[in-house]
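Peer 1: the following block contains a protein sequence and its predicted model.
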Amino acid sequence: MFTLITFSKFGNACMCTSKFIKSLSTTTNKLSELELNLTERNVSNEVAVMERGPLPIITGRQLPFVPDRRLVRQAWVDNLDTIEEKKLGLVDLHPDIFGAFPRIDILHDNIRWQKLYRYINWKHLPNRMERQGGGRKPWPQKGLGKARHGSIRSPIWYHGGKAHGPRGPETNFYMLPFYQRVMGLTTTLSMKFAQDDLKIVDTLDIPTDDPSYLQDLAAKRHWGVSVLYIDDSDLMPKNIALATDSVGHHNLMPVYGLNCHSMLKHETLVLTLAAVNKIEDKLLYWLHTNDPLTPAKKYTGQHTQGMQ
Amino acid sequence: MRAWDVNTINVKREPQFRAGNFKFQNSLKEAELWRTLRVSKFAFQKRIINKMFRNMMNSLVKSVDTLKIISKEFTVPVRYPHYYAKDKKPLVRRFGYKDKAIWRGALPRLNTGTRLPKPEYNPSNAWSDKKALFGQNDYIDILGNPKLHPVLISYNIPAWLRGFHGNEYQMLQRKKAFFGQQIASSNHTAYMQMWKRIRHQYKFLNWSKPQNRMPKQYYRDMRNK
């Protein structure tokens, strides 16, 4: 595995000194503060605006595996400190990940897979054998002038069993080919970038934990109603975790939680620089590796080992 | 829209008045009469045409009421009207019958002031936790640990169904492998039903004649109706 050289001065430094709160992927539970060794900093909610040097702070990135003929994409780096946006710098983005051809068919395949592979149809209608009763012939075959029947639970009877109805839980599990999923991620990121729905930010530190701060920010910058924030780790700063907890259309995710469906569901995608580095790292590894065995291994039910 | 979708197709024909091009033949056919009907300078021919036409129209009017309107457009002003036509009145059917049905206007409804009961529309929350974060961690083997298969993280699915896809027979076999002993000891009826269904499916899938079995899509459509 190779490593990218990052050029952000303040990106990682802020994270180390501030207090952390674990933001769970499902925000139904109340957030509990992790009491770490307190530093000399203030415990108040209001955090002073970060002091930055003269702009631009970030001026470039090194990109591996870029042939000369491929055009490198570029994006601004914004801030989340203030509602008004400040351009902190300009970074290069890898063309194979953020400039890939928009394959709508592969995107469709990915979305369909995401929706279906965990979907179970629980419909079950009992057949004539499973319905209560119906063992006896209701009336004699001949002599009554009535239609001939053998059971009161046959399919043509009211309250009878269903002959060809839904039978038991029906799973729709299947796995897309590994590299089709990789391509799904690259095309979706490229589409988001091409449509100006992808914003890069230095950190997710915000001054207040008020939910309206982020909504005002998104409104001012014309980001859209729904925003998805992605950071490289699943430990998020306290203020943004509290702010997005009560708001359903602003969501936090780590890099490993990124997926095509969420990217389409949310209008804007906000990535931190660290997240961009990690995403490029991972995707470029899979696009350029010579290891066919790791993704090709078919899942053979390892999770059922040890079950009765 | 097909021909049989329309109950009545009333074809209206415009009278064609052409000057100077009409050829009167001794053997006039009805089809020619329908096609060319116009003022001719020969009164004798005109009378014959009108007589034949009127007879035809009267016989048609008796069977179809709509042609009453059309027949007026088809009439041609002539100098010698038929004598018996002046006293003719429109034919009345069902004489003395008072039709109380209202054939015009909106369909009948009882005006009680209240509408039929309908549940109030309650839109679902599109940004509930489940919906907002749907699909999270589906690409964890690409963007995270390669050893973590998405199946291992599908906690919302019962363990015996994770990573499994099969038809009813395979599903029942799996269910029996996981829960057979438990069901047998707790609910004998349910176990017997499962056992019988497995036996039935085995026979149906392996021994049934091809002509007795429909294509798979047929049964799928029946289930999804």
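Peer 2: Perfect, I can see it now. Residues are numbered from 1 along each chain as shown, chains lettered A, B, ... in the order given.
Peer 1: how much space between the residue of chain B found nearest chain A and A:Gly224?
Peer 2: Using C-beta to the nearest C-beta, B:Trp127 is the residue of chain B that sits closest to chain A, at 2.9 Å. Where C-beta positions appear, they are placed from N, C-alpha and C, glycine not excepted. In this view, B:Trp127 and A:Gly224 are 13 Å apart by C-beta to C-beta, to the nearest Å.
Peer 1: of those two, which one has the most company?
Peer 2: Just comparing B:Trp127 and A:Gly224: by other C-beta atoms under 10 Å in any protein chain shown the higher neighbour count belongs to B:Trp127, 17 against 13.
Peer 1: could you find the closest non-adjacent residue to that one?
Peer 2: Spatially, and ignoring its direct neighbours in sequence, B:Trp127 is nearest to A:Gly248 (2.9 Å; C-beta to C-beta, 6 or more residues apart in numbering or on different chains).
Peer 1: that neighbour contacts B:Leu133, correct?
Peer 2: No - if you go by C-beta atoms under 8 Å, A:Gly248 and B:Leu133 don't touch, sitting 9.8 Å apart.
Peer 1: between those two, which is the more surrounded one?
Peer 2: B:Leu133 (23 against 17).
Peer 1: need the pLDDT of A:Ser32.
Peer 2: pLDDT, A:Ser32: 36.
Peer 1: over to A:Phe20?
Peer 2: A:Phe20 is given a pLDDT of 31.
Peer 1: now do the helices in chain A.
Peer 2: With DSSP state H as the criterion, chain A has helices at A:13-17, A:95-98, A:104-116, A:178-194, A:211-220, A:238-245, A:260-265, A:273-288, A:293-296.
Peer 1: got these as JSON lines, with mean neighbour count columns?
Peer 2: Formatted as JSON lines, the helices of chain A follow (neighbours: other C-beta atoms under 10 Å in any protein chain shown):
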{"stretch": "helix A:13-17", "mean neighbour count": "13"}
{"stretch": "helix A:95-98", "mean neighbour count": "21"}
{"stretch": "helix A:104-116", "mean neighbour count": "17"}
{"stretch": "helix A:178-194", "mean neighbour count": "21"}
{"stretch": "helix A:211-220", "mean neighbour count": "16"}
{"stretch": "helix A:238-245", "mean neighbour count": "22"}
{"stretch": "helix A:260-265", "mean neighbour count": "21"}
{"stretch": "helix A:273-288", "mean neighbour count": "21"}
{"stretch": "helix A:293-296", "mean neighbour count": "11"}
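Peer 1: mean pLDDT for those: which is lowest?
Peer 2: helix A:13-17 (a mean of 32).
Peer 1: now A:His288: closest residue in space, sequence neighbours ignored.
Peer 2: A:His288's closest residue in space is A:Phe65 (C-beta to C-beta, 6+ apart), at 5.7 Å.
Peer 1: the one you found: how many residues sit nearby?
Peer 2: Count around A:Phe65 with other C-beta under 10 Å applied: 14.
Peer 1: from A:Leu185, how far out is the residue of the stretch 1-150 of chain A found nearest chain B?
Peer 2: Nearest residue of the stretch 1-150 of chain A to chain B (C-beta to the nearest C-beta) works out as A:Gln114 at 4.5 Å. A:Gln114 is 12 Å from A:Leu185, where distance means C-beta to C-beta.
Peer 1: quick check: neighbours shared by the two?
Peer 2: A:259-260 (C-beta atoms under 8 Å, 6 or more residues apart in numbering or on different chains).
Peer 1: if we can go back for a sec, looking at the helices of chain A, spot the one closest to A:Pro155.
Peer 2: If you check each of the helices of chain A against A:Pro155 by C-beta to C-beta, helix A:104-116 wins as the nearest, at 30.0 Å.
Peer 1: packing partners of the closest one?
Peer 2: helix A:178-194, helix A:260-265 (3 or more C-beta pairs under 8 Å, 6 or more residues apart in numbering or on different chains; DSSP states H and E).
Peer 1: tilt between it and helix A:178-194?
Peer 2: 110 degrees (axes from the mean of the first three to the mean of the last three C-alpha atoms, to 10 degrees).
Peer 1: residues contacting the residue of the stretch 151-300 of chain A found nearest chain B?
Peer 2: Per C-beta to the nearest C-beta, A:Gly248 is where the stretch 151-300 of chain A lies closest to chain B, at 2.9 Å. The neighbourhood of A:Gly248, defined by C-beta under 8 Å, 6+ apart, consists of B:125-129, B:132.
Peer 1: list buried residues within those residues.
Peer 2: For these, a burial check counting by 16 or more other C-beta atoms under 10 Å in any protein chain shown picks out B:127, B:132.
Peer 1: please narrow the contacts of A:Gly248 to those residing in helices.
Peer 2: Going by DSSP H, the helices hold B:129, B:132 from those.
Peer 1: of all the contacts of A:Gly248, which two lie farthest apart?
Peer 2: Taking C-beta to C-beta, no two of the contacts of A:Gly248 sit farther apart than B:Ala126 and B:Asp129, at 11.7 Å.
Peer 1: how about the strands in chain A?
Peer 2: A:20-22, A:73-78, A:89-93, A:120-121, A:170-171, A:198-201, A:227-231, A:235-237, A:250-254, A:268-272 (DSSP state E).
Peer 1: tabulate those (a markdown table), appending mean neighbour count and distance to chain B.
Peer 2: Shown next, in a markdown table, are the strands of chain A (neighbours: other C-beta atoms under 10 Å in any protein chain shown; distance: least, C-beta to the nearest C-beta, whole Å):
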| stretch | mean neighbour count | distance to chain B |
| --- | --- | --- |
| strand A:20-22 | 15 | 16 |
| strand A:73-78 | 18 | 20 |
| strand A:89-93 | 19 | 17 |
| strand A:120-121 | 14 | 6 |
| strand A:170-171 | 20 | 5 |
| strand A:198-201 | 22 | 16 |
| strand A:227-231 | 24 | 9 |
| strand A:235-237 | 21 | 14 |
| strand A:250-254 | 24 | 5 |
| strand A:268-272 | 23 | 12 |
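Peer 1: which stretch among those strands comes nearest A:Gln305?
Peer 2: That would be, of the strands of chain A and by C-beta to C-beta, strand A:170-171, which comes in at 19.8 Å.
Peer 1: what sits against A:Val270?
Peer 2: Listed by C-beta under 8 Å, 6+ apart, the contact partners of A:Val270 are A:199-201, A:223, A:227-230.
Peer 1: again, 6 Å this time
Peer 2: A:199, A:201, A:227, A:229 (C-beta atoms under 6 Å, 6 or more residues apart in numbering or on different chains).
Peer 1: was I right to think the second one contacts A:Asp78?
Peer 2: Yes - taking C-beta atoms under 6 Å as the definition, A:Val201 is a contact partner of A:Asp78 at 5.4 Å.
Peer 1: shared neighbours of the two, which are they?
Peer 2: If you check A:Val201 and A:Asp78 against C-beta under 6 Å, 6+ apart, no residue is contacted by both.
Peer 1: what residues does chain B have near chain A?
Peer 2: B:127, B:129, B:132, B:134-140, B:142-144, B:146, B:149, B:151-152, B:154, B:161, B:163-165, B:168, B:171, B:193, B:219, B:222-223 (C-beta under 6 Å from any C-beta of the partner chain).
Peer 1: now do the end-to-end distance for stretch A:223-234.
Peer 2: 23 Å (C-alpha to C-alpha, to the nearest Å).
Peer 1: ok now it, how far from the chain's centre?
Peer 2: Centroid separation for stretch A:223-234 versus its chain: 10 Å, with C-alpha atoms, centre = their mean, to the nearest Å.
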